[in-house]
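Asks: Requesting a structural model of the entry that follows:
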Amino acid sequence: MHGLKAIFRKELADHFSSYRFIILFSLITMVSLIIAYMVGVNIRQGLEGVAKPKFIFLMLFTAQGVVFSLVQFVAFFGPLIGLVLGFDAINRERNEGTLAKLVSQPIYRDSVINGKFLAGVVTISVMMVSIVLLITGMGLIIVGVIPGMEELWRIFLYLIVSIVYVSFWLGISILFSILFRSIATSALASIALWIFFSFVVSIGANVIANAVVPDVKESDIEARVQHIKVQRAISLISPMVLYSDGTATVIDPTRKTTSIVLVGPMEKISQERFSGPLPLSQSILVVVPYIISLIAITAICFAVSYAVFMRQEIRSV
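Replies: Numbering: from 1, shown residues only. From the prediction side, this is the model:
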């Protein structure tokens, strides 16, 4: 791993000094704070004259703002962080001729790919930690509720899973930057895959479920359950679904399952909603298959990128 530290420091400096990182970080932070502020104001208004239930602080992450909650926002737009950081990680250096000069130095080839991926993961970690800390501080000011130890552990676990999820998309973008010489092609391929997992999978899951279990009637409970099972089984091929279902269950102790639960506006902060919450250990047991799946696909994606890069011929142009 000779030269890993030098590559890591160089890539980290490039990320933090680039305009695209500053713009992307500023945009995501601004939207996240707006969502948290709106949710916090709604919670504060709803708690006026009401006894504050346990785990109310976690609603900053799970309750919806105008359109979506913070968990949903990260699930949908978080991949863009990883894609932007890695879509030109290799092919830009190859096109500029610096990759051949780099590997001609006393630096092992695997240090190049490892250093770039590690620098991207650290950059993602800094972004996610900063956003979560800002939202936590805003929640303390607006809601006026101090989170308990279990809430802090849930937020920490949510943060770790979020970093793994965005790192998966970083690995995808680095893989495309290795496979395609053109920067534009690797960027389009990354965005196309993001669109596929964001929209096409959910639409396809519904179409296939309708084909497998056609003409489902409202009164036929068994057919409706089978329809939902088929639809969810297909939609779980999307990392976005794995992440959103897993983190929503971890961050919300009132959820007993990863299935979507609709809650009315008058029930959001009622004492009944917060009765009998799952302990953290039980919530982890519910979502551990989702977390393991996210870690596995992230490791597989980077392993494929590593293998392809190590086998490629590098020539000066």
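
Asks: Report the helix or strand with the lowest average pLDDT across this protein.
Replies: Of all the helices and strands that make up the chain, helix 98-104 has the lowest average by mean pLDDT, DSSP states H and E, namely a mean of 72.

Asks: same for that one, what does it pack against?
Replies: Packed against helix 98-104, as judged by 3 or more Cβ pairs under 8 Å, 6 or more residues apart in numbering; DSSP states H and E, are the following elements: helix 91-96, helix 109-142. Glycine gets a C-beta too; all of them are placed from N, C-alpha and C.

Asks: redo that, cut-off 10 Å
Replies: Of the remaining helices and strands, those touching helix 98-104 by 3 or more Cβ pairs under 10 Å, 6 or more residues apart in numbering; DSSP states H and E are helix 4-17, helix 91-96, helix 109-142.

Asks: can you pull the contacts of residue 287?
Replies: Residue 287 makes contacts with 157, 161, 242, 245-250, 255, 257-258, 294, as judged by Cβ atoms under 10 Å, 6 or more residues apart in numbering.

Asks: Listing request: residues of the stretch 1-150 of the chain with sub-threshold pLDDT.
Replies: When residues are selected by pLDDT under 70, those of the stretch 1-150 of the chain lie in 1-2, 47, 49-53, 65-66, 103-104, 106.

Asks: between the contacts of residue 287, which is nearest residue 186?
Replies: Taking Cβ to Cβ as the measure, residue 186 sits nearest to residue 294 out of these, at 22.9 Å.

Asks: what number of residues lie near that closest one?
Replies: Residues within reach of residue 294, counting by other Cβ atoms under 10 Å, total 22.

Asks: Need the three-state assignment for it.
Replies: helix (DSSP: H, G, I helix; E, B strand; the rest coil).

Asks: Please verify my assumption that it contacts residue 161.
Replies: Yes - in this structure residue 294 lies within contact range of residue 161 using Cβ atoms under 10 Å: 6.7 Å.

Asks: Any chance you could list residues touching both of these two?
Replies: Overlap of the contact sets of residue 294 and residue 161 (by Cβ under 10 Å, 6+ apart) consists of 242-243, 246-247, 287.

Asks: Let's have the helices and strands packed on helix 98-104 in CSV, adding distance to residue 64.
Replies: Rendered in CSV, the data for the helices and strands packed on helix 98-104 read as follows (distance: least, Cβ to Cβ, whole Å):
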stretch, distance to residue 64
helix 4-17, 32
helix 91-96, 39
helix 109-142, 15
